[in-house]
Each structure stands twice: as structure tokens, then as C-alpha cells.
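Engineer: Using only what follows, build the 3D model:
(2 chains)
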2 protein chains.
Amino acid sequence: MSGKLSRCTYKTESSPSIVSSACVGGKTEKQGPMRDYFDKTFPDDYCGMDTYEQAESFMQKKAIELCLDKMCAKSDDIDFMFGGDLLNQCTGTTYGVRDLNIPFLGIYGACSTMAEGLLLSSVMADNKVGSRVLAVTSSHFCTAERQYRFPLEYGGQRPPTAQWTATASGALVVSAEGNGPYVRAVTIGRIVDMGVSDANNMGAAMAPAAAETIAEFFRDTGKQPSDFDAVVTGDLGTVGSRIVCDLLLRDGFDIRENHKDCGMMIYDPEKQDVHSGGSGCGCAASMLCGYFVPKLRACEIQNILFVATGALMSPTVNQQGESIPSIAHAVWISSSKEEN
Amino acid sequence: MSGKLSRCTYKTESSPSIVSSACVGGKTEKQGPMRDYFDKTFPDDYCGMDTYEQAESFMQKKAIELCLDKMCAKSDDIDFMFGGDLLNQCTGTTYGVRDLNIPFLGIYGACSTMAEGLLLSSVMADNKVGSRVLAVTSSHFCTAERQYRFPLEYGGQRPPTAQWTATASGALVVSAEGNGPYVRAVTIGRIVDMGVSDANNMGAAMAPAAAETIAEFFRDTGKQPSDFDAVVTGDLGTVGSRIVCDLLLRDGFDIRENHKDCGMMIYDPEKQDVHSGGSGCGCAASMLCGYFVPKLRACEIQNILFVATGALMSPTVNQQGESIPSIAHAVWISSSKEEN
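Structural biologist: This next block holds a predicted model:
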């Protein structure tokens, strides 16, 4: 059975393929345990540019170029693309891709952006609206700190629940034709706001959204956590990861054995001072594009449920006392096209 | 012929319908020539809320509620929605829709948002990914001024090329089933940056993007400007409108006779001090949802090409000396389903 399974879950008919993916990272990512999974890392956070914002845009462009190189394609071979990031007005993306001349659809899902971009690209490729559709996103520690929190020079203290915005970018291309890994189903998330208003505890704010989307996916598809090598959340960190497992257990889904969180994978909590783990659009994007997709392609793992989460607040409304609405989208990626 | 016509132009197969639309406006819009086309206007820009940001979110929620009321539907009857706005992190939307419990996909296209949302909703409905898909956007003069330019209290001078951000919101629902008006084709735009860096002359920055998308649509579909009652640009204002007509004339497309610009329609330039016209996501959205869609439904007009334009810069990168990348997406809306 394929097509629309519920209001928000769609099972692909042609199982479109992620035909290429690439990721780049910054200095802290280069020092972390996942360093070998990045296609390129930069020795400093300026990446040779004049401003941090230019550096973020440059990383996005670089991730796309590497992704296209791997599939021996040029930007003209891409029908259109989805892209977005955390910066005000998504300028990490718009300035990063403006020279590529690829028809562009901007998206905003905060740290859930790669799940949203992959979801939309897959639906478009599955329905032959585009032959090859690209999704890209990025984040940068220095652009995010000064926009969301304090200027770096201020040296503000960070509580233990805070997370470290990854300096990274990931890009991938989805096509109706290809040899996998295959996108088998997607679930569009709802906005969930449980009243958390502490911008230094994003994991707690986002975990309920992740739990709701994961439970919805399992109910709509009839799948179980044990059908997946990993249920991969985006960047819940240590605090949010415990919460999402607890919430799902109450719903009858035990993901404790096979839960992975990109925010807990990207850095070494013993050696790197990242508090509750990594975050930012680039965190989930780079772990998906650099680690999970290649492992699925090599059939080292068979199935993952990729669930990137986003906190949809801004400093302005947070300062006005508002709580943090969150969202999560889910994408089932498999090394096989047929039903297992 | 339907389906993918080119890299970026898609002709719908089922001609999905805009089954409902609604718009709300603020005080300045209530004083303008289009006042009777708003479903509701508010006497002051707070709309009864404590902050301008809350007011913008409230307007979005109100536009959706009115849109659903007109089609005798509840939020549960909508499969999923696309939404976005001009505010940092699109909080006008996320806080406006968080209580509706509708699966949500955030988009960012600055003032092109309604064209992007309508385009994506139409493609989703056409391919039966969703039965009823909603698109919404908004803008607010007071939230935009203090975010993009100066605090209102500063009383900054505005040059004649500047435009007035509309305080307005529009929402519509697209369904594969319905009695029109029908979405017949869409063109996804590319980012165009001709080097304009004056944030007080958005019309000049956006006009080349509009011209490129309109020319692309005409070439891909074989249509002519004379096939349309109106080629409707979003918010180019008086300066950008002249430029888009000139640029298209060079490409062999004369739209001077039937060009309409929402930014030039929404206010009275003689009586209202809006300089070069209206702008903001809410400008094109309210003119589409309140004026053009009802006229198409009543068969008072037969065909429009709706081309909302967006300037994809932020104050941060603009202050770093960057020019303004722009985009435009096109949607052909018709009162008839069959080929004329």
C-alpha cells in the first residue's frame, strides 16, 4: 500500500533514492569523534571569509558542490532545490546558493530543516514533479550565538542544559531513479508547545514534538521500533533524549535500545565542552549526509527513521515571555526498495 | 499536456481548486481603496493584543479561521499546511498556528511566500499527497519596521523609493476536488541578484527576478500576456513595476496593458503616505485571497498569472554591504478547468 496513509503520513510509490550526499564541518567538528565522516572540515570558523555569515553561506555552497561532484552532476542537472537555515531571513542559504542558478524554494523549520527538505524533495521526486531535487541546510556556532544569545566577545555563561550549535552543512539529492538508499515514507509533524520557555533547554522543548511525530509514524505505518536499526533524532541532546524515550515508552513504543541522537554523536562529551550536546540545522544534516546515508548505501545498516526536530521561537518573542513551539518531521530511509 | 514541462514549470493534471480564501487587514488597509475586499479589518495595529508580534500572529490565525468558516471546515479537515512570514524565525506564523494542530511545513520566501505556499499546496493536492492543503502568510508594518529598519519611535525618514509594509494576512485552501478557481500551472523561480544593495528600493531589487520567472513561464507553457486578464506581481511598487515591464518588453513579452501590482493596488498614493506602494507578504496574499480569487470564482475574470516577489536579504548581511538576492514564483489561476 502506498500514497496517503493518513492526514500527515505519505508512503512513497516509487521509493525515490538519495543518489548523493555530502557534508562539511568546522573546527570543533574536526576535533570530534565524527571527524572522518565529513567530506571536508575547515581549520577555523571563518572558512577563509570576512564574516561568520559569509562563512556559513560558503559552507552551504561547498556542501552542494561536493554533493554534485560525487554524482558527476552540475547545478544545471538539478531541477530545483529546498533550502533553509537558522539565520534571520535564512540568509545562510540565500547567499550560499544565489550563484547556482537552481530554481529555489525556501523552507524554515529551524533544526528540523533537513528532515523537512528531504521530506519535500522525496515527495516531489516520487510524483515526478522533479527528476533530481536537492535539499540543503547549515548552521554555524558563531552566527547562531550572536543572533540568538550574546556576542561571542561577551563570554556569557552557559548552563548544563545548553547545547552547542554545530558549524556544519549537509546537502543531498533525491531522484525517482537510483540505487538507494530509498525514501519509503514520510510523516509531517505538528507544532507542539508544552510551555517550556527556557531557551537554554531546547532539548526539553523539542522532545514532545519528536515523540508525537515518531508515535504518529509508527501508528500510521504499522511499523515498530525494532524494524529500525536506529531511530535518529536531530539534536535533542542528553536532556531531550531521555525525555523522548520516556514519552514514547508511555505510548507503548520502546526506542531505548536503538535510539540515536545526532546531537550526542557529533561531539565527545568527555573531551569537548559542549554541555548537553550538539544542535543546529547542520548537526542533523551532517550526521545524515555523512554518516547514516553512506552506511545505508553500503548496506551496513538497513533502516533508519530520521526525525530532525526544530524549536520555532525567536529571541524577540522569547524576550516577550513566550514559550517555545517545536516541530519534528520523520523520514523512513531504507537500504532496500521492496517490503522487507 | 500536463506534468513536468521544464526544469521548473509544472502543469497540474487535475487542476486543483482554491476552495476557500480569506484575508484580514489593519488600520491603513481599512483606509485604503481595497477596504471592501478584506473579510475583516482591525481599527488599530495591536488587534487587541499586547505586542505587535502577537497582533501579527493573531491576524494569521484569524485569516485561517475565516477561510475555514467559509468552507464549513474545521482545522482537523486540513491535511497539512504551508506557512511563513517576514519575521525572524517566521514567528508570525509559528505562534499564529501553534494551537491549530494542523501538520505544518514552514516556508521562507519573504514577500513571495503566498506564491510559494500556493505553488506547493497545489502540487501536493494535484498529486493526492494531501486532500486539502492550506497556505497562509502575513506581514505587519510595526513588526517589520522595527526588525528591518528603525524602532517606530525613532521616526526615521523614508526615501520616495521605500514601500509601506502592509498589515495584513491571507489564507487559502487548495483541494484536488472543487469548483475552482483552478491552479493550472506553476513556475518555481531562481534567485536573481543584480547588485542592488539599497534596502529602501526593494522594487528595483525584485523586478529582475519577477521578469525572469514570468518569461520562463511564458516560454515553458507557450502562453502569451494576452491570454491573461492580469499578470499580477506581488509588491514591486511604482519603481519596480516600471522596471519589470521594461525588462519583459526586451524579452518580447508586453505586459504593460494587463500588468497589476498588489503593492500599487492596496493603497491610494494620492491620499495615503506610502511612497512607492505597499509591500510585505500580507500585501500580495490579501490582494490574492480577497480580490483576485473571488473575482475568478465569480468568473468576472478568467485567468491571472500570480507572481509574488521576495527580497531574500537580512539587515545583518545588508549592513555587511551585501546586495539583495530576490526571487519570484508564478502560479496560473483560471476560472476554467479545461484548456481555453
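Engineer: Quickly find the element holding A:Gly189.
Structural biologist: Secondary structure assignment for A:Gly189, by DSSP states H and E: no helix or strand.
Engineer: which bits of the stretch 201-340 of chain A sit near chain B?
Structural biologist: A:312-317, A:320, A:322, A:325, A:327, A:329 (Cβ under 8 Å from any Cβ of the partner chain). To be clear about C-beta, it is placed using only N, CA and C from the backbone, and glycine gets the same treatment.
Engineer: Just the buried ones out of those, please.
Structural biologist: Neighbour-count burial (16 or more other Cβ atoms under 10 Å in any protein chain shown) applied to these gives A:312-314, A:316-317, A:322, A:325, A:327, A:329.
Engineer: Okay, and which of those map to helices?
Structural biologist: Judged by DSSP state H, helices contain the following of these: A:316-317.
Engineer: Among the buried ones among the residues of the stretch 201-340 of chain A next to chain B, name the ones in strands.
Structural biologist: Using DSSP state E, the subset of these located in strands is A:327, A:329.
Engineer: hmm, back to that, ok, which pair from the residues of the stretch 201-340 of chain A next to chain B is furthest apart?
Structural biologist: Greatest spacing in those, by Cβ to Cβ: A:Gln320 and A:His329 (27.0 Å).
Engineer: List the residues that contact A:Met71.
Structural biologist: A:19-20, A:173 (Cβ atoms under 8 Å, 6 or more residues apart in numbering or on different chains).
Engineer: and which of the residues you listed is nearest to chain B?
Structural biologist: For those, the minimum distance to chain B (Cβ to the nearest Cβ) is 14.0 Å, reached by A:Val173.
Engineer: quick one: contacts for that closest one?
Structural biologist: Applying Cβ under 8 Å, 6+ apart, the residues near A:Val173 are A:18-21, A:67-68, A:71, A:73, A:78, A:121, A:132-135.
Engineer: CA atoms of the host helix or strand of it as PDB?
Structural biologist: Counting by DSSP H and E, the element that carries A:Val173 is strand A:168-175. Taking Å, rounded to 0.1, in the frame of the first residue of the first chain, the C-alpha atoms of strand A:168-175 are listed here in PDB:
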ATOM      1  CA  ALA A 168      28.300  22.300   9.600                       C
ATOM      2  CA  SER A 169      26.400  21.900   6.400                       C
ATOM      3  CA  GLY A 170      24.800  18.900   4.700                       C
ATOM      4  CA  ALA A 171      23.300  18.500   1.200                       C
ATOM      5  CA  LEU A 172      21.700  15.700  -0.600                       C
ATOM      6  CA  VAL A 173      19.900  14.900  -3.900                       C
ATOM      7  CA  VAL A 174      16.800  12.800  -4.300                       C
ATOM      8  CA  SER A 175      15.800  11.200  -7.600                       C
END
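Engineer: List the buried residues for it?
Structural biologist: Applying 16+ other Cβ under 10 Å to strand A:168-175 flags A:168-175 as buried.
Engineer: now stretch A:263-276
Structural biologist: A:263-267, A:272, A:274-276.
Engineer: Could you identify the most distant pair in those residues?
Structural biologist: Farthest pair in these, by Cβ to Cβ: A:Met265 and A:His275, 15.3 Å.
Engineer: which residues sit against stretch A:247-260?
Structural biologist: Residues contacting stretch A:247-260 (Cβ under 8 Å, 6+ apart): A:207-208, A:211, A:214-215, A:218, A:224-226, A:228-233, A:241, A:244-245.
Engineer: and A:Arg190, what are its phi and psi?
Structural biologist: A:Arg190 adopts backbone torsions of phi -110, psi 160, taken as degrees, to the nearest 10.
Engineer: isn't it right up against B:Phe104?
Structural biologist: Yes - using Cβ atoms under 8 Å, A:Arg190 is in contact with B:Phe104, at 6.3 Å.
Engineer: Pull out the buried residues from the helix or strand harbouring A:Pro294.
Structural biologist: According to DSSP H and E, A:Pro294 maps onto helix A:293-297. For helix A:293-297, burial by neighbour count (16+ other Cβ under 10 Å) applies to A:293, A:295-297.
Engineer: Most neighbours out of the contacts of A:Val173, which is it?
Structural biologist: Greatest neighbour count in the contacts of A:Val173, by other Cβ atoms under 10 Å in any protein chain shown, goes to A:Ala135: 32 neighbours.
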